[in-house]
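In: I would like to see how this sequence folds:
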Amino acid sequence: MTSKTAILLFSRTASSEARAKQLAGSADRNARLLDRMIRRTHRLAARTGLPVFQIDEEQQSGTSFGERINQAAAQIVAKGYSKLIILGNDAPQLRLNDLQRAKKGLEAGKFVIGPDRRGGAYLIGVGADQLGSAFEELPWQTDRLCTDLAGLLAKTSVSRTLLAYPDLQANHENQNDCNNLLFVRELSDVNSIGDLSRLIGLLAGKSSVSLLLARVSIDVVQYLVTISHCCYLSATGRRGPPVLG
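Out: Numbering: from 1, shown residues only. Now for the predicted structure:
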């Protein structure tokens, strides 16, 4: 084994996701859209050069979400890995650079959190020592997850202001209490057609929303990634074709 770090893609299969989430009109389109999101996340993860393990509902054990994600992480640790980047499948704006930053931070001894805009987390980077009952008992799938997770990892109370604006860490009066944490970009998570609508509006402007929602298909995720990358290039003054996952 050349790396002690691995990526856990904690995701149900596309068919199971489609039964739980409604992003597109027909059942077939919905399943294909979710399959596209899962496969894109897996491809991005693989491009880091780290080993990637997807643990779906057939491999998960436990009755609560916390039990299942903790047990899934423990399965990877049992293979000999001591550091984990845990990903979901619901962040279409995710870029390779986000994963590379997480990998670099984790291997430098930091814990990593990718906050979503509702107080959850689309990415978690931890060591094997952070797994266990406290990790399992976090308020998973709530708007308190990011704050409580950061508090657990930093062993201190972390304000939502600090979470919402990670750049403020440098000026935070308790920054020494948080210097073992790295926050990567805050992204929108997509778990419903309403989430998808808001994200399209955020990235493309309101004029595009009605057209796109009228014809939601598997191409929406590709569209979101393209627009997201173009916005990134525009904001940074760079030019060039989008690099899609």
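
In: mind checking how far Tyr81 is from Leu123?
Out: In this view, Tyr81 and Leu123 are 16 Å apart by C-beta to C-beta, to the nearest Å. All C-beta spots, glycine's among them, are computed from the backbone N, C-alpha and C.

In: and if you look at Leu8?
Out: 11 Å.

In: before we move on, what about Leu152?
Out: Distance from Leu152 to Leu123, counting by C-beta to C-beta: 16 Å.

In: okay, the two: which has more neighbours?
Out: Leu123 (24 against 17; other C-beta atoms under 10 Å).

In: how about the more buried one, secondary structure?
Out: Three-state call for Leu123 (DSSP: H, G, I helix; E, B strand; the rest coil): strand.

In: Next one, pLDDT for it please.
Out: If you check Leu123, the pLDDT there is 97.

In: That one and Arg43, how far apart?
Out: Counting by C-beta to C-beta - Leu123 and Arg43 are separated by 16 Å.

In: And for Asn97?
Out: Look at Asn97 and Arg43: by C-beta to C-beta, they are 15 Å apart.

In: so where's this structure shaky on pLDDT?
Out: In the predicted model, the chain carries pLDDT under 70 at residues 1-2, 13-15, 18, 20, 22-25, 156-178, 193, 200-245.

In: one more time with 50
Out: 157, 160-161, 168-177, 206-218, 225-229, 231-233, 235, 239-245 (pLDDT under 50).

In: which residues in it form helices?
Out: 14-20, 27-46, 65-77, 96-107, 133-136, 145-154, 160-164, 193-204, 209-214, 219-236 (DSSP state H).

In: List the contacts of the shortest one.
Out: When contacts are defined by C-beta atoms under 8 Å, 6 or more residues apart in numbering, helix 133-136 is touched by residues 64, 66-67, 69-70, 73, 126, 152.

In: ok, now with 10 Å
Out: Helix 133-136 is contacted from outside by 62, 64-71, 73-74, 124, 126, 148-149, 152-153, using C-beta atoms under 10 Å, 6 or more residues apart in numbering.

In: can you pull the buried residues of that helix?
Out: Residues of helix 133-136 classed as buried under the neighbour-count rule (16 or more other C-beta atoms under 10 Å) are 135-136.

In: what does stretch 92-108 give?
Out: Quick answer for stretch 92-108 (16+ other C-beta under 10 Å): 92-95, 98-99, 101-103, 105-106.

In: Dump those to TSV, plus distance to Glu57.
Out: Shown next, in TSV, are those (distance: C-beta to C-beta, whole Å):
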residue	distance to Glu57
Pro92	22
Gln93	25
Leu94	22
Arg95	27
Asp98	26
Leu99	24
Arg101	29
Ala102	25
Lys103	27
Gly105	30
Leu106	26
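
In: Let me know the closest of the residues you listed to Ser192.
Out: Nearest to Ser192 among the buried residues of stretch 92-108 is Pro92, at 13.3 Å by C-beta to C-beta.
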